[in-house]
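Undergrad: Just the structure for this:
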Amino acid sequence: GLFWFAFPIFLVISNDVFAYFFGKSCGRKFIQRPFIPFSPKKTWEGFLGGWIGTMIFGWYCSKWMAQYKWIVCPTNDFDLQPHPDLDCELDPVFQQATNIF
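TA: Prediction:
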């Protein structure tokens, strides 16, 4: 469905945003060592902030997106508005787990 197209795009965008803001706000305040020699403005704080921020964003965004049938149900039609009568049996990957241990 649309989930597998939109979700990775949201993750890339969120990673760039989190890395930018963490790099600007915390860059070279905690780790002075250069991150990549051929890209001197990149910081470890931006890398780590982007990673952690994307993990948290991905957790909540996937839960939010999985509640809409028009995002998770596969379809062969291309329309600009979602079908209200679209129905499918959800794949277990989209169902909330009751217990993970």
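Undergrad: Count the neighbours of the closest residue in space to G46 that isn't next to it in sequence for me.
TA: Spatially, and ignoring its direct neighbours in sequence, G46 is nearest to G23 (2.7 Å; Cβ to Cβ, 6 or more residues apart in numbering). The C-beta positions use only the backbone N, C-alpha and C, and glycine is treated the same way. The tally of other residues near G23 (other Cβ atoms under 10 Å) stands at 21.
Undergrad: what's the answer for W59, then?
TA: Per other Cβ under 10 Å, the neighbour tally for W59 reads 10.
Undergrad: how close does it get to F35?
TA: Counting by Cβ to Cβ, to the nearest Å, the gap between W59 and F35 amounts to 25 Å.
Undergrad: what's the answer for A66, then?
TA: Counting by Cβ to Cβ, the gap from A66 to F35 is 34 Å.
Undergrad: tell me which residues of the lengthiest helix in the chain are tucked away?
TA: Longest helix in the chain by number of residues (criterion: DSSP state H): helix 3-26. Going by neighbour count (16 or more other Cβ atoms under 10 Å), the buried part of helix 3-26 is 3, 7, 11, 14-15, 18-19, 22-23, 26.
Undergrad: just checking, what packs against that helix?
TA: Helix 3-26 sits against helix 44-65, helix 69-72, with contacts defined as 3 or more Cβ pairs under 8 Å, 6 or more residues apart in numbering; DSSP states H and E.
Undergrad: from the ones you listed, which stretch is densest packed?
TA: Scoring those by mean neighbour count under mean count of other Cβ atoms under 10 Å gives helix 69-72 as the most buried, with a mean of 18.
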